[in-house]
Each structure stands twice: as structure tokens, then as C-alpha cells.
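> Generate a structure from the sequence data that follows.
(one chain, ligands or ions: 1)
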Amino acid sequence: MEFFIIFAFLLTSFQQASNFIMNIDQNKANHTYTNRTAGNEAGSAASPLHHPEVIIIGGSYSGMQAAMTLGRALRRVLIIDADRPCNRFAPHAHNLLGGDGISPALLREEAKKQIAAYPSIHFVDDQVTAVFKAQELFTIHTHSGQQYTSEYLVLATGLKDDLPDIPGIWECWGKSVIHCPYCHGYEFKGARTAVLASGDSDLHMISLLKQWTGQLQVFMPPPFNFSAPALAFLQAQNIGLTMGHITALHHQNGALQSITLQNDSGTSRNIPLDVLYVSPPVHQALDLRDTLGYQLTASGHIQVDEGRRTTVPGLYAVGDNSCRFRSLSQAIASGMAAGAMINFDFIQSLRPLPDIH
Ligand SMILES: Cc1cc2nc3c(=O)[nH]c(=O)nc-3n(C[C@H](O)[C@H](O)[C@H](O)COP(=O)(O)OP(=O)(O)OC[C@H]3O[C@@H](n4cnc5c(N)ncnc54)[C@H](O)[C@@H]3O)c2cc1C
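This next block holds a predicted model:
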């Protein structure tokens, strides 16, 4: 219901809202920007760039989409980005309508060009090192020694993958060592496929992969960690399970050819393979709970409501850091939702809507 009200409001009174925002801009003349383009560096400490209306930490898919929505609502936005998106290892991105098979780097480059067309959006390359909140104002400190303040802050910072320590794994990550069949499974349909499993939590992935290939096997490093029902499932599905440590991945430019598997007694053997699925532990790329005090969910994601609001007023989270379904389309969708919601919350904070219920 909240969403309907927001979008109805945005659609029916966009012109009114624009005029209103313009008035706010005039009242805050000391914060008005000169025209800049994406990639410009911050100016002096007194520069208005240091106090935009909204700061977005993370300038990848979710962050840039939030910025575009806000920029199109004439909001003054600063994106601070360290240029380390999680999918930078993958040469191609899939399952993105209109961009299936595109290079992730090209996709970001194109997005960056598009947001550069909005004069109220600014992009700086820097790494945020600390954030504090006092009197409804966020203060952001960066690696290069800059300091920025805003009333609204968006965390678009993503997740980091803790891959197992196996020689060759990073070279194959996003190419032939993958985490998601919906992203890259089609390219390996019918291929020699394995899952590196640690226990029952991998059963979901294993059961899915039967859809993509008949050549499926499971490797599990000791100790044996499947429950009896899980083992029965593997047997019923005729999926081979081999205990052992993968000690090396052999590949050509990231294209997996085989793995070395070592059993408990130290004997190694080479197993030909085209693709290995892993579900590595992930953690928040930037954890600001100590200073900002927002909550995480049981799955380790930032807790947000439908409008991407965290438990801290003025603080929003978008993309992987707060989405269970890790994908480009989800990241982009959440960025759009946050952008619209922040614009609404901003307007509402200055001129509350009448209660129509
Ligand atoms: C290997 C791999 C392949 C994938 N392939 C696909 C695919 O084919 N299709 C698909 O739909 N999904 C795919 N995904 C998932 C998809 O990439 C993510 O869902 C998406 O990138 C999430 O976008 P995001 O903006 O939330 O985070 P990210 O894209 O991870 O970006 C986070 C940004 O925040 C910045 N940042 C973090 N901390 C700071 C800081 N302290 N200061 C400044 N900046 C900071 C980072 O530098 C980075 O630029 C893949 C994921 C991986 C890991």
C-alpha cells in the first residue's frame, strides 16, 4: 500500500514536486552544484560537493541505479566508489534482460556514462573508511582524507566472497568456478559438473543442477557431513559422492579442465571437469554496525523494509548487502526502489502528506 501511495504521488504531482524541490534548492543556495561529470574529483573542503542531499557508498549496479533515480528526481547525489564489484572476475554477465552476455565492465562503463548526463550526480573514486552519525547528519571519511556529510545515506557496498584456498580457484572464479546456475549454468548445460559441498545446505544447489546436466557429482572434504536423508537423496538421484580435498584446479585461462582430488590417506587423482559449483561464505564488504548500529538479518544481510530503509533513520541499503537473491536485476531493482523512497521520504519530511486513511 505504501508503494502505491508513493508512486501515485510521484506520478500525479511530479511537476509540483519539481517546483517544490527547486524552491528547496534556492533556499539551500550555498549547496548548489556547478555542472560536473561522473568521475570528477571532489573539490576543496568547502566545496558544495561535500554536502549533497544523498551520499551513496558503492557505485556499482545497485548504487548507480539509486543515483539515476535520484538524479532524475533532481536530487543532488554523491557516489563514492572503490571500483571492486563482486562480479569483476566474470567476463560475461547473464540473465539480465537486454544485457544478456554483456561484459560486466562494459555494463558499468555504460551506466557511468548515462548517470554522467545528470548534472546533479557526482562520482568520486575513493574508499570509505568510516561513517558517523550525529544530529541526523552522516559524516563520511575516505581513504584519501576527504570528508562528506549528508542527511541521507545509501549503502550499496555489496558482499565479499571467501573462496576456499585452492590453487587456481581465483583464476577460474566467474568463468568455470561459479556460484549460481541462473547466472552461468546455461553455458555449462550437459557439461561435466561438480559441486564442492560442505553439508546439507548444499542440497538445494545439487537438486537444481540436475536440471542443467546429467553428468553431476559431488565432492566433500572430510569430515563426512551429510545427514541420512541427504545421503538417501543423492543415492536416489544417482549422484556420485566422493570424499576428498580438492588440492588444485587445472585450467586454461580460467576454463577448468580437471581437478586434483586427494583422499584421507594422501592418494591423489586427477578428475576431468568442466565446471565446479561452490557456495563460498560471504561477508559484508563494508560493515558499519559499530558506528551506525543498523541490524542484520539471520542470513547476514542488512535488514531493510520494502522501501530499502534500514533500522537507522536516513540510512538505506541496496543490492547484494541486503538482498537474498544475488543478481544484477535484483540489485538494479532495489536501487530504483531506494531512489524513489528517499525522494519520497525527503519530500515527506519537509511537507508531510495528509493521512488519507
Ligand atoms: C563471480 C560472479 C559472477 C556473477 N555473475 C552474475 C550474472 O551473470 N548475472 C547476474 O544477474 N548476477 C551475477 N552475479 C551477481 C551480481 O554480480 C551481484 O548481484 C551484483 O554485482 C550486486 O551489485 P551491488 O551493486 O549490490 O554490489 P557490487 O556489484 O558488488 O558493487 C559494490 C560496490 O561497492 C563498492 N564498495 C564497497 N565498499 C566500499 C567502500 N568502503 N568505499 C567505497 N566503495 C565501496 C565496491 O568497490 C563496488 O564497486 C555474479 C556474482 C559473482 C560474484
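
> who touches Gly174 in this structure?
87, 89-91, 184, 254 (C-beta atoms under 8 Å, 6 or more residues apart in numbering). Heads up, the C-betas are built off the backbone N, CA and C, glycines and all.

> Look up phi and psi at it.
Main-chain torsions, Gly174, degrees, to the nearest 10: phi 80, psi 0.

> Same question for His122.
According to degrees, to the nearest 10, His122 has phi -130, psi 150.

> Give me the pLDDT for it.
Per-residue confidence (pLDDT) for His122: 97.

> just Thr34 next, same as before
30.

> picking that back up, near the ligand, list only the ones from the contacts of Gly174.
By C-beta under 6 Å from any ligand atom, the members of the contacts of Gly174 lying near the ligand are 87, 89-90, 184.

> Show me where the stretch 251-357 of the chain has its helices.
Using DSSP state H, counting those that start in this stretch, the helices of the stretch 251-357 of the chain run over residues 289-292, 328-350.

> what's the most buried one of these?
Highest mean neighbour count of the helices of the stretch 251-357 of the chain: helix 328-350, a mean of 21 (counted as mean count of other C-beta atoms under 10 Å).

> That one vs the ligand: in contact?
Yes. Residues of helix 328-350 contacting the ligand under C-beta under 6 Å from any ligand atom: 328-329, 331.

> still on that earlier bit, select, out of the helices of the stretch 251-357 of the chain, the one closest to Thr310.
helix 289-292 (8.2 Å; C-beta to C-beta).

> hmm, who's touching the closest one?
Everything outside helix 289-292 that qualifies as a contact, by C-beta under 8 Å, 6+ apart, is 130-133, 296, 312, 315.

> Name the residue of this protein that lies nearest to the ligand.
Going by C-beta to the nearest ligand atom, the ligand is nearest to Gly319 of the chain, at 2.1 Å.

> and that residue, what pLDDT?
Value listed for Gly319 in the pLDDT field: 98.

> how close does it sit to Gly300?
14 Å (C-beta to C-beta, to the nearest Å).

> of the two, who's got more company?
A direct count of neighbours by other C-beta atoms under 10 Å for Gly319 and Gly300 places Gly319 higher, at 33 against 12.

> hang on, the earlier thing: mean pLDDT added to the helices of the stretch 251-357 of the chain, as JSON lines?
Formatted as JSON lines, the helices of the stretch 251-357 of the chain follow (pLDDT from 0 to 100):
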{"stretch": "helix 289-292", "mean pLDDT": "98"}
{"stretch": "helix 328-350", "mean pLDDT": "96"}
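
> So for Val154, which of those sits nearest?
helix 328-350 (5.8 Å).

> I'd say the residue of the chain closest to the ligand and Gly58 touch.
Yes. Assessed by C-beta atoms under 8 Å, Gly319 is found in contact with Gly58 at 7.1 Å.
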